[in-house]
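*Asks:* Here is my input; please provide its structure:
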Amino acid sequence: MLQLLQLAQATGRLELERSGERAELYVERGRPVFARTSGGSVRAGQILVHRGVVTSETLERTLAEQRARPGQRLGALLVASGAASHEQIQSAVNEALRRIVYGLLLWREGTFRFVTGDQVGGEDVKLDLDLDRLILEGLRQADEARAR
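*Replies:* The predicted model follows:
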């Protein structure tokens, strides 16, 4: 499906659904630029903790602040408090988005629908992924998952 969207230079939202999980993948001119899922995925905050950028205590405190201030992005709060730089946030968000896309490549069942022309709005970080590299990395991860 992604290769067809790339060949068509499509822009829109690919909606994917399987039992208990729904995901959206936005593409612009055939390239994936944003993804989200209702299923389990690694979050940017977890990546920042894993990389040692912030402590788990700082993350929890900032998440509590975010809950008290709906509409505020976690990354913006971390940057404003001096806990992380804009570049560190951008890198972590990009990694989280890539992991969502890789996870979608592993789906073996489900349904999909493409909504032409829909664009992601208001997102600070967009992916800039080469589709061929994305597919190769997804296949590599699938092989690793099967080998476990």
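*Asks:* Tell me how far the lengthiest helix in the chain lies from the chain's centre.
*Replies:* In the chain, with assignment by DSSP state H, the single longest helix is helix 86-105. Here the centre of helix 86-105 is set off from its chain's centre by 5 Å, with CA atoms, centre = their mean, to the nearest Å.
*Asks:* Relative to the following helix or strand past that helix, what are the paired strands and their orientations?
*Replies:* For helix 86-105, the following helix or strand on the C-terminal side (DSSP states H and E) is strand 111-116. Strand 111-116 has its sheet partners listed here by DSSP bridges as strand 12-18 (antiparallel).
*Asks:* Could you check the strand it pairs with and say which residues are buried?
*Replies:* Going by neighbour count (16 or more other CB atoms under 10 Å), the buried part of strand 12-18 is Gly12, Arg13, Leu14, Leu16. Any C-beta I mention is one placed from the backbone N, CA and C, and that applies to glycine too.
*Asks:* swap in stretch 132-139?
*Replies:* Leu134, Ile135, Glu137, Gly138.
*Asks:* contact partners of that stretch?
*Replies:* Leu2, Gln3, Pro32, Arg98, Val101, Tyr102, Leu105, Leu106 (CB atoms under 8 Å, 6 or more residues apart in numbering).
*Asks:* Let me see the confidence value for the nearest residue to Tyr102 once chain neighbours are set aside.
*Replies:* Among residues not flanking Tyr102 along the chain, Gly138 sits closest, at 4.9 Å (CB to CB, 6 or more residues apart in numbering). At Gly138, the model reports a pLDDT of 76.
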